[in-house]
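Asks: When you get a sec, could you give me coordinates for this:
(one chain, ligands or ions: 2)
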Amino acid sequence: MSPSGDAEACRVILALETSCDETAIAVMVGTDLVASEVASQIAIHGAYGGVVPEVASRNHLKVVRPLLQTALTKANISLENVDAFAATNGPGLATSLMIGASVAKGMAVALGKVFLPINHLEGHLLSPFLSVKGGPCSSVALVVSGGHTLIVRIEGLGRYRLLGKTVDDAAGEAFDKVGKLLGLPYPGGPHINRLASTGDARKWSFPRSMLGSGDFHFSFSGLKTAVRYFLQREVNFSVEDVCASFQEAVIDVLVKKTMKAVRAEGVDTLAISGGVSCNSRLRECFFSACEKEGIKLLLAPPSLCTDNAGMIAYVASLRLSAGAPSALQSEIQPNLRLDDFTSVFTSEHRIS
Ligand code: KG4
Ligand code: ZN
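Replies: Numbers count the residues shown, from 1 in each chain. Ligands and ions are numbered 1, 2, ... in the order given. Got it, this is the predicted structure:
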């Protein structure tokens, strides 16, 4: 191993992720994620039925110091051992992003270390590769979260080509809105998943929008509206059956379009990430679709699917290895897109 290889093998990265309502801190030593702590604010925002930005930033401030201590203790290191600090710089809520970025920059300045701003979407996108030797490989990826539904062709680190995206609601947003219509706690996704496990997915037929559109784009707002009209119209139904039927409609479209993209691109690897990829039925359907077609499926463990700092530390480690410089002057970018650091995209194919 080269001297720089030795240095990389024991390099310590501390990353913060505060793009929305989760405060997350992770420590990566070499290629090992040795701590990945998340302080969830779901219980706080649940009372409002969604995330309240000011409440989120106040809570980030409250928990960030104790969480930092927990992460350092778990990693068995002190701050002086950290070689580089990283934080999510977008996309996300400005007042939330500011907390993580300011704390990470402050520590980097005080200790004379490197600071790297990391794109939250790139964090999700590459999270399935965290335990893959050699890192990101040529593949198709599905990022399916509360804010995004994207099919992306990965050609290498920072070389991403958009194949498709939602034209309206993200899949996770549809889960959460339907959860709200059904009177379930926020966020609805995990509750729908749980209730659907005892429901009949064929009991009700909900629309599979844009299945035949001939492209790789999605639409989920019509499905949500169909559930709303259904609930106004029908009186005899079980919540479990509605959850299972709605969930099946979302997953059916995600699987069919994504597998079509995999075939069209001729790749042998599919990487799926984002909060909705925790869904047990989604995982099951993608496992069997990939098995049938001889495609290697990469799925992060559930703790790395929802918002976390492990994925931010991982991208920071890849970028450092690729020679990324410290960027203490960088600003948060609440509207950051996945393609903001790559030249592969044309203007009409920008990822948002
Ligand atoms: O990736 P994430 O934590 O945050 C964003 O960047 O958006 O994703 C959160 C989304 C929420 O919409 C939540 O309802 C959904 O992921 N989610 C699920 C499940 N677990 C989380 N959706 C369906 N089934 C689940 N088990
Ligand atoms: Zn996210």
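Asks: quick one, strands of the chain?
Replies: 12-17, 23-29, 32-39, 84-90, 114-119, 139-144, 149-156, 159-165, 269-273, 296-299 (DSSP state E).
Asks: Quick one: list the elements packing against the third one.
Replies: Taking 3 or more CB pairs under 8 Å, 6 or more residues apart in numbering; DSSP states H and E as contact, the helices and strands that strand 32-39 lies on are strand 23-29, helix 53-75, helix 310-321. Using the backbone N, CA and C atoms, a C-beta is placed for each residue, glycine as well.
Asks: Reformat these into CSV and put mean pLDDT next to each item.
Replies: Listed next are those as CSV, based on pLDDT from 0 to 100:
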stretch, mean pLDDT
strand 23-29, 98
helix 53-75, 96
helix 310-321, 97
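Asks: Reformat the strands of the chain as TSV; add distance to ligand 1 and mean neighbour count.
Replies: As requested, those are exported to TSV (distance: least, CB to the nearest ligand atom, whole Å; neighbours: other CB atoms under 10 Å):
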stretch	distance to ligand 1	mean neighbour count
strand 12-17	10	28
strand 23-29	10	27
strand 32-39	10	20
strand 84-90	10	28
strand 114-119	12	24
strand 139-144	8	28
strand 149-156	10	22
strand 159-165	14	20
strand 269-273	8	25
strand 296-299	13	18
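Asks: What residues does the stretch 251-352 of the chain have near ligand 1?
Replies: Residues of the stretch 251-352 of the chain lying close to ligand 1 by CB under 6 Å from any ligand atom are 274-276, 278-279, 306-307.
Asks: I'd like the strands of the chain written out as JSON lines, with distance to Phe216 added.
Replies: Below are those laid out as JSON lines (distance: least, CB to CB, whole Å):
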{"stretch": "strand 12-17", "distance to Phe216": "28"}
{"stretch": "strand 23-29", "distance to Phe216": "30"}
{"stretch": "strand 32-39", "distance to Phe216": "31"}
{"stretch": "strand 84-90", "distance to Phe216": "24"}
{"stretch": "strand 114-119", "distance to Phe216": "21"}
{"stretch": "strand 139-144", "distance to Phe216": "9"}
{"stretch": "strand 149-156", "distance to Phe216": "5"}
{"stretch": "strand 159-165", "distance to Phe216": "3"}
{"stretch": "strand 269-273", "distance to Phe216": "13"}
{"stretch": "strand 296-299", "distance to Phe216": "18"}
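Asks: Nearest to Ser209, out of those strands?
Replies: Shortest distance between Ser209 and these, using CB to CB, is found for strand 149-156: 11.9 Å.
Asks: Tell me the spatial nearest neighbour of the residue in the stretch 201-350 of the chain that ligand 2 sits nearest to, not counting adjacent residues.
Replies: Going by CB to the ion, ligand 2 is nearest to Asp307 of the stretch 201-350 of the chain, at 4.4 Å. In space, and not counting its chain neighbours, Asp307 is closest to Glu22: 4.4 Å by CB to CB, 6 or more residues apart in numbering.
Asks: ok, the one you found touching Ser36?
Replies: No - with contact defined as CB atoms under 8 Å, Glu22 does not reach Ser36; the gap is 11.4 Å.
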